[in-house]
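Only the shape, not the letters, is given here:
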């Protein structure tokens, strides 16, 4: 895909969907999370979605009914939420290369193999790493991506 993001649709997830926001970021979506912004009131969430031209995702029926562009989820479990999004036409697969920070939604940049890494990141230069331009967090293909890939594969198995 062209451009720094893998998906052109910008999203805003309400405070009930924090884990889903992380998974959508791993899939390359610009997925803002209301909890990161300390926004809980429905009207404030809706205004942010409108102002920033974001597609709202929520489990709150009243919030979705008042939104111009939104998807209502009913599932409590992350696998159910991902299945609902897939059924609604969202492309769900880990982005390669990753483009969004799972923590803050900032853009990622590749870390050159000669650049030093923090102790929590893989020290092996052969393991590609990315760093968030906003919060400085390092990322690599690890457990979050593996968990998402397993969850998505299980959904595909259920669909067939």
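The structure has been received and is ready for your questions. Nothing here was measured: the structure is a model prediction, and the numbers come from that model.

now residue 89: how far from residue 9?
10 Å (Cβ to Cβ, to the nearest Å). Placement of C-beta: from N, CA and C, glycine included.

and the host helix or strand of residue 147, which residues are buried?
Using DSSP states H and E, residue 147 sits within helix 143-159. By 16 or more other Cβ atoms under 10 Å, the buried positions in helix 143-159 come out as 144, 145, 148, 151, 152, 155.

isn't the second one right up against residue 94?
In other words, residue 145. Yes. Look at residue 145 against residue 94 with Cβ atoms under 8 Å: they come within range, at 4.9 Å.

Now the common contact residues for the two.
Both residue 145 and residue 94 are contacted by residue 26, under the criterion Cβ atoms under 8 Å, 6 or more residues apart in numbering.

which intervals of this structure have sub-threshold pLDDT?
Scanning the chain with the threshold set as pLDDT under 70 gives 1-6, 160.

ranges for the helices of it?
Using DSSP state H, the helices assigned to the chain run over residues 18-26, 42-51, 61-66, 78-87, 143-159.

quick revisit: so residue 89 and residue 9 - more neighbours on which side?
Between residue 89 and residue 9, counted using other Cβ atoms under 10 Å, residue 9 has the larger neighbour count: 15 against 8.

Identify the residues contacting the more buried one.
Counting by Cβ under 8 Å, 6+ apart, residue 9 has contacts 29, 30, 55.

Go through the residues you listed and say which is closest to residue 107.
residue 30 (9.0 Å; Cβ to Cβ).

just checking, residue 152 touches residue 85?
No. Under the criterion of Cβ under 8 Å, residue 152 is not in contact with residue 85, lying 10.7 Å apart.

any shared contact partners between these two?
Joint contacts of residue 152 and residue 85 (Cβ under 8 Å, 6+ apart) are residue 92.

Name the residue most distant from the centre of this structure?
residue 114 (28.7 Å; Cα atoms, centre = their mean).

For it, which non-adjacent residue is spatially closest?
Counting by Cβ to Cβ, 6 or more residues apart in numbering, residue 125 is the residue found nearest to residue 114 once chain neighbours are left out, at 7.8 Å.

gap between that neighbour and residue 14?
From residue 125 over to residue 14 the distance is 40 Å, taken as Cβ to Cβ.

More neighbours: these two, which one.
For residue 125 versus residue 14, neighbours defined as other Cβ under 10 Å are more numerous around residue 14 (26 against 13).

Alright, I will stop here.
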